[in-house]
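In: Quick check, what structure comes out for this input:
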Amino acid sequence: MPGESLDLSRDGARLWPGPAGSIEVLVDGAATVRRGIAIIAHPQPLLGGSARHKVPHFLARTVVEDGWLAIRPNFRGVGASGGVHDAGNGETDDLAALCEAARAGAIGRPLALIGVSFGAYVCARVARRLADAGAPASRTCLAAMPFGDVPAGRRYDTPDGMPAALVLHGELDEQVPLASIFDWARPTSQPVTVIAGADHLFTGKLPVVRAQLRAHLDLK
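Out: Okay, the predicted model is just below:
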């Protein structure tokens, strides 16, 4: 049932009962966690994104190497997760519930939200929800985050004013034009780190993303 604790004592995949069905969750770093919990949300499932995609896998490996426990959920309808794609609405409910369960299983540990593409959109919504509830994430990293109308014909109502957020965007992002993320950032003067020459999923630039993430999380 929703609200059930999440087993953080061992690595591997498991099913966790989310608000609208089982959520497949991949856990890494249980044996070496000493810093906190990082929830890593994957790219757009309608374009093949999943928790096993190379970018969230790379980011999970990065944080685990520095003592964080990484949690990679599959969104609705992806892998062994139940339900169907809900354009970010149900996914936000799922990720917020997962944050609550992760915090319950690691009381006192900092929580980081790390999202890529569609996952960044969901993380932004969850970060705003947690902040509004008085329990903000310690750090948020939003990479290749969509805002407004994008070339694929979808629209994203991404909230702004993200607390403790690192916003990364590729100069040559073909899915979310750089101008769009500046439109999002401008009203609150949110800093945006632009990675020169990078496409939407930072092909060939992931070491730069890793360095930025480590600095933001204060990983040595």
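
In: isn't residue 117 right up against residue 50?
Out: No - Residue 117 lies out of contact with residue 50 (Cβ atoms under 8 Å); the separation is 11.9 Å. The C-beta positions use only the backbone N, C-alpha and C, and glycine is treated the same way.

In: shared neighbours of the two, anything?
Out: Common neighbours of residue 117 and residue 50, using Cβ atoms under 8 Å, 6 or more residues apart in numbering, are residue 42.

In: More neighbours: these two, which one.
Out: Remark: of residue 117 and residue 50, residue 117 carries more neighbours, 27 against 18, as counted by other Cβ atoms under 10 Å.

In: what sits against that one?
Out: Residue 117 makes contact with 42, 43, 44, 49, 143, 144, 145, 146, 175, 176, 200, 201, according to Cβ under 8 Å, 6+ apart.

In: Nearest residue to it in space, ignoring adjacent ones along the chain?
Out: Closest residue to residue 117 apart from its sequence neighbours, by Cβ to Cβ, 6 or more residues apart in numbering: residue 43 at 3.8 Å.

In: among the contacts of residue 117, which two are most distant?
Out: Maximum pairwise distance among those (Cβ to Cβ): 15.7 Å, between 42 and 176.

In: Comparing these two, which residue is more hemmed in?
Out: Comparing residue 42 with residue 176 by neighbour count (other Cβ under 10 Å), the higher total belongs to residue 42, at 28 against 24.

In: And the residue nearest the centre of the protein?
Out: What sits nearest the mean C-alpha location of the chain, by Cα atoms, centre = their mean, is residue 115, with 2.3 Å.

In: quick one, phi/psi of that residue?
Out: phi -130, psi 150 (degrees, to the nearest 10).

In: any idea how far it lies from residue 72?
Out: Applying Cβ to Cβ, to the nearest Å, the value for residue 115 to residue 72 is 11 Å.

In: Which neighbours do those two have in common?
Out: Counting by Cβ under 8 Å, 6+ apart, the residues touching both residue 115 and residue 72 are residue 40.
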